[in-house]
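Student: following is a predicted model, sequence given first.
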Amino acid sequence: MNHAWAGRRNAVALTGAGVSVESGIPDFRSDCGLWRRFDPMEYATLECFLNDPAKAWDLYRELGTILKDRRPNPAHLALADMENRGDLNGILTQNIDGLHQAAGSRSVVELHGTHSSLHCLGCGHTEPFASTFLKPGPVPSCPACGKALKPNVVLFGEPVREAALAQTLMAGCRTMFVIGTSAEVAPACLYPDGVLRAGGSVLEFNLEPTERTRSGLGPDGVLIEGPVGRTLPLFLDHVQS
């Protein structure tokens, strides 16, 4: 198997929940996902955190429990290997689990932030998300100013803080790997759309076709269907051999 992407040095990956499902993290929107128990527009908003941090922390603790002790799967490792080979400029991820970094990827832009640290909206203090915060109890407070701490994730009502880093990474990108995400809503949809407008191509790895597939993947675009922990390493083995 050969593909026009092989040997190019201007590729970026966009990843979503489907990348981490094989690490045991359910898609939040799935039938058994987090949003079935916690309405995101009720719990995952900046307004909820500001008005009722104890309620917001019910969600944060549950999320932290889901993410605790998860390990990278073959898809994460394949992307790290691509970067090490010089075949991938970096990763834009919608995930907050830190598994790309755990796999060895260095150039990772976390569009939705990370659950691995806490920060204070009052004074800017940051600290790691300690496992002790998963236990029921008072809302963790900032040691500097006393205000409630929140995970360093982007809540509904907050801006995407790493948009500038994402644009820098995307400069000159002509091949985008869209992996484990439909990339249908902003800001995720903006990046493959920009690649296609510039005449580039999208290589999509998902369980099944998406609206992204149906709208077109560019001149050298392709959809690879199946679990990404299997299909991505197989694809890379073929094109790099």
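Tutor: Alright, I've got the coordinates.

Student: going forward, measure contacts between C-alpha atoms and count neighbours the same way
Tutor: OK.

Student: quick one, domains of this protein?
Tutor: 1-25+72-112+160-241, 26-69+113-153 (automatic domain parsing).

Student: which of the ones you listed sits most buried?
Tutor: Most buried of the domains of the chain, by mean neighbour count (mean count of other C-alpha atoms under 10 Å): domain 1-25+72-112+160-241, with a mean of 19.

Student: run through who's touching stretch 25-32.
Tutor: Applying C-alpha atoms under 8 Å, 6 or more residues apart in numbering, the external contacts of stretch 25-32 come out as Ala17, Gly18, Ser20, Val21, Gly33, Leu34, Trp35, Arg36, Ile66, Leu67, Arg70.

Student: let's go with 6 Å and repeat that
Tutor: Residues outside stretch 25-32 that contact it (C-alpha atoms under 6 Å, 6 or more residues apart in numbering) are Ala17, Gly33, Leu34, Trp35.

Student: nearest to Glu208, of those residues?
Tutor: For the contacts of stretch 25-32, the closest approach to Glu208 (C-alpha to C-alpha) belongs to Ala17, at 14.2 Å.

Student: and the gap between that closest one and Arg212?
Tutor: 16 Å (C-alpha to C-alpha, to the nearest Å).

Student: helix, strand or coil for Ile224?
Tutor: Following DSSP: H, G, I helix; E, B strand; the rest coil, the label given to Ile224 is strand.

Student: which residue is the nearest non-sequential neighbour of it?
Tutor: Phe205 (4.9 Å; C-alpha to C-alpha, 6 or more residues apart in numbering).

Student: circling back to that earlier point, wait, which of the contacts of stretch 25-32 is closest to Ala164?
Tutor: Ala17 (22.4 Å).

Student: how about that closest one: what's its closest non-neighbour residue?
Tutor: Asp27 (5.4 Å).

Student: is it fair to say that neighbour lies in a helix?
Tutor: No - Asp27 is assigned coil when assessed by three-state DSSP, not a helix.

Student: next one: it from Thr45, what distance?
Tutor: 19 Å.

Student: quick one: strands adjacent to the longest strand along the chain?
Tutor: Across the chain, the longest stretch assigned as strand under DSSP state E is strand 113-120. Paired with strand 113-120 in the same sheet, following DSSP bridges, are strand 126-128 (antiparallel), strand 149-153 (antiparallel).

Student: many thanks, have a good one.
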